[in-house]
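In: Fold the following and give me the result.
(chains A, B, C and D)
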Number of protein chains: 2
Amino acid sequence: MARAEEYEDRRRELLEAVFRITAERGLDEVSIRTVAAEAGVSVAKVQYYFRTKDELLLAGFEHVMQLLETRQQRLDYSGPMRQVLRDCLLVWLPIDAERIASTRVFLAFAVRALHSPQLAEIEVKLEEEVVSSLAALIARGQELGQIRAGVDPEQQAQLLLAVLDGLTLQMLLNPEVMTVRRGTAAVDAYLDALCSS
Amino acid sequence: MARAEEYEDRRRELLEAVFRITAERGLDEVSIRTVAAEAGVSVAKVQYYFRTKDELLLAGFEHVMQLLETRQQRLDYSGPMRQVLRDCLLVWLPIDAERIASTRVFLAFAVRALHSPQLAEIEVKLEEEVVSSLAALIARGQELGQIRAGVDPEQQAQLLLAVLDGLTLQMLLNPEVMTVRRGTAAVDAYLDALCSS
DNA sequence: ACTCGTACCATACAGTCGTACTGTACAGGT
DNA sequence: ACCTGTACAGTACGACTGTATGGTACGAGT
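Out: The predicted structure is shown next:
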């Protein structure tokens, strides 16, 4: 069905425009018109693919989520658990231009989700997925004797995600203080504590 | 000078309206008109005290910051360092209605600061203050032998703040998963690691 | 050949936005 | 008594917002 594929491609192009605007100028610069201009299309085309702005934003959030998930799935899962876990965590840290953009967009949507049940639903769903996949990695590491046995995988995964969110916020807000080096060092320290006896 | 005091009072009333709207409906629901309506005054009155919307938002951010600082200064600094540090950290965690509101507002402004140099400036300034005061507490705890000597106070303070930010975000976004109990437990665990040899 | 759905475009509408302008009530100084 | 500055109120302006509408080009089906 080349029809359906093309349809999805057009939608994705528009969602990428949403992504770029959000990353560069913030979520409240996203309007039907700015998205149309960014994508180089007419207002009506945006409306054709997304009936309302809410629908556009919903899809925009899901687009970022999917991007982050994809990045997580593309990792090399063959090495030692500590390495795998580290790579997995680094997906969320703003350590290069690509990740700076995606974490900015994520944060913008997450904060808006505080007042939008629909966005919150998406956020919660993704978080559950990430937590459970991290927990699975931790549990697997425990089986292999590479990770301390005493901790609850699920709870530890949640905590890791929280630490990650915090580091992300600090790195974005104050990159001169919370540098890439310090951020990754913090993650490594956390992993040290998790892996050592 | 009762004149100047009244002037500041009026300004504060408007800033509290900004605070309430931001906490309940989000920062992008803040407009001159919604603030005027929330405060029960005319649009022109808001304009009289804040020439532009930017000025209003700037002052609004400073207002939250001041609120948080005040709350931190009102603490009881006489007990053991661990207790003091804990209270200090809990100022930032959304563990009751008051703190939920202030952390929501803080996050909203912080994310907007990603695209506003003026807001970012305020954020960075506050963060430096908080970090240095936390670092002072840690250093004092080290002198008293209540906190492990091996760590760098400044760096540890930054990390603590990051963890706090992350926990805050999680608790606000997903309160059913990251409960008050778990959030405070995470802080306590962190303090345990900091205090034990 | 005709029709129909898809994929758009240009434009219009009502509402809201930040901001500016004009007017006024009133307290205090001279 | 007169003037001036403060502290507002009411309203208007242009820009921008999300959304709706009407029109059109075109490939596919019958």
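In: Every contact and neighbour count from this point should use C-alpha atoms.
Out: OK.
In: what sits against A:A110?
Out: A:A110 makes contacts with A:119-120, A:123, B:173, as judged by CA atoms under 8 Å, 6 or more residues apart in numbering or on different chains.
In: Among the residues you listed, which ones are in helices?
Out: A:119-120, A:123, B:173 (DSSP state H).
In: With adjacent residues omitted, what lies nearest to A:I138?
Out: A:P153 (5.6 Å; CA to CA, 6 or more residues apart in numbering or on different chains).
In: in chain A, which residue is closest to the centre?
Out: A:L68 (4.4 Å; CA atoms, centre = their mean).
In: I'd assumed A:V91 was in contact with that one.
Out: Yes: the criterion here is CA atoms under 8 Å, and A:L68 meets it with A:V91 at 7.2 Å.
In: all helices of chain A, in order?
Out: Counting by DSSP H, the helices of chain A are A:2-25, A:32-39, A:43-49, A:53-73, A:81-90, A:97-113, A:117-143, A:153-173, A:180-195.
In: For B:S78, which of those is the nearest?
Out: Among the helices of chain A, helix A:153-173 comes nearest to B:S78, with 29.3 Å by CA to CA.
In: Tell me where the model's unsure across chain A.
Out: A:1-3, A:197 (pLDDT under 70).
In: Show me how it divides into domains.
Out: Domain assignment for chain A by automatic domain parsing gives A:1-51, A:60-195.
In: hey, which of those domains is tucked in deepest?
Out: domain A:60-195 (a mean of 18; mean count of other CA atoms under 10 Å in any protein chain shown).
In: start to end distance for that one?
Out: End-to-end distance of domain A:60-195 (CA to CA, to the nearest Å): 37 Å.
In: anything in it near DNA strand D?
Out: No: Domain A:60-195 does not reach DNA strand D (CA under 7 Å from any atom of the strand); its nearest approach is 13.2 Å.
In: if I look at A:K125, how far off is A:V91?
Out: A:K125 is 18 Å from A:V91, by CA to CA.
In: do A:G141 as well
Out: A:G141 is 19 Å from A:V91, by CA to CA.
In: contacting residues around the residue in chain A that chain B sits nearest to?
Out: Residue nearest to chain B within chain A: A:G166 (3.6 Å; CA to the nearest CA). Residues near A:G166 by CA under 8 Å, 6+ apart: B:161-167, B:169.
In: how much space between it and B:R74?
Out: 25 Å.
In: Could you do A:Q72 as well?
Out: On the measure of CA to CA, A:Q72 and B:R74 end up 44 Å apart.
In: ok, now A:L57?
Out: Counting by CA to CA - A:L57 and B:R74 are separated by 42 Å.
In: and chain A, which residues reach DNA strand C?
Out: A:3-4, A:6-7, A:10, A:41-45, A:48.
In: any idea which of the residues you listed is closest to A:V180?
Out: Closest to A:V180, out of all of these and judged by CA to CA, is A:R10, at 35.3 Å.
In: mind checking how far the closest residue to the closest one other than its chain neighbours is from B:A186?
Out: Spatial nearest neighbour of A:R10, excluding adjacent residues (CA to CA, 6+ apart): A:Y49 at 8.0 Å. Distance of A:Y49 to B:A186, computed by CA to CA: 44 Å.
In: before we move on, what about A:G183?
Out: 19 Å.
In: now do A:A135
Out: 17 Å.
In: next one: A:Y48
Out: Taking CA to CA, one finds A:Y48 at 47 Å from B:A186.
In: wait, what's in contact with A:V131?
Out: So A:V131 contacts A:154, A:157-158, A:161 (CA under 8 Å, 6+ apart).
In: Let's have those residues in a markdown table, adding distance to B:A110.
Out: Formatted as a markdown table, those follow (distance: CA to CA, whole Å):
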| residue | distance to B:A110 |
| --- | --- |
| A:E154 | 29 |
| A:A157 | 25 |
| A:Q158 | 23 |
| A:L161 | 19 |
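In: wait, which of these is closest to DNA strand D?
Out: A:L161 (31.4 Å; CA to the nearest atom of the strand).
In: Let me see the contact set for the closest one.
Out: A:131, B:166.
In: mind running it again at 6 Å?
Out: Not one residue lies near A:L161 by CA atoms under 6 Å, 6 or more residues apart in numbering or on different chains.
In: what about stretch A:117-126 and chain B, touching?
Out: No: contact of stretch A:117-126 with chain B (CA under 6 Å from any CA of the partner chain) is absent, the minimum separation being 6.6 Å.
In: Sweet, I'm off.
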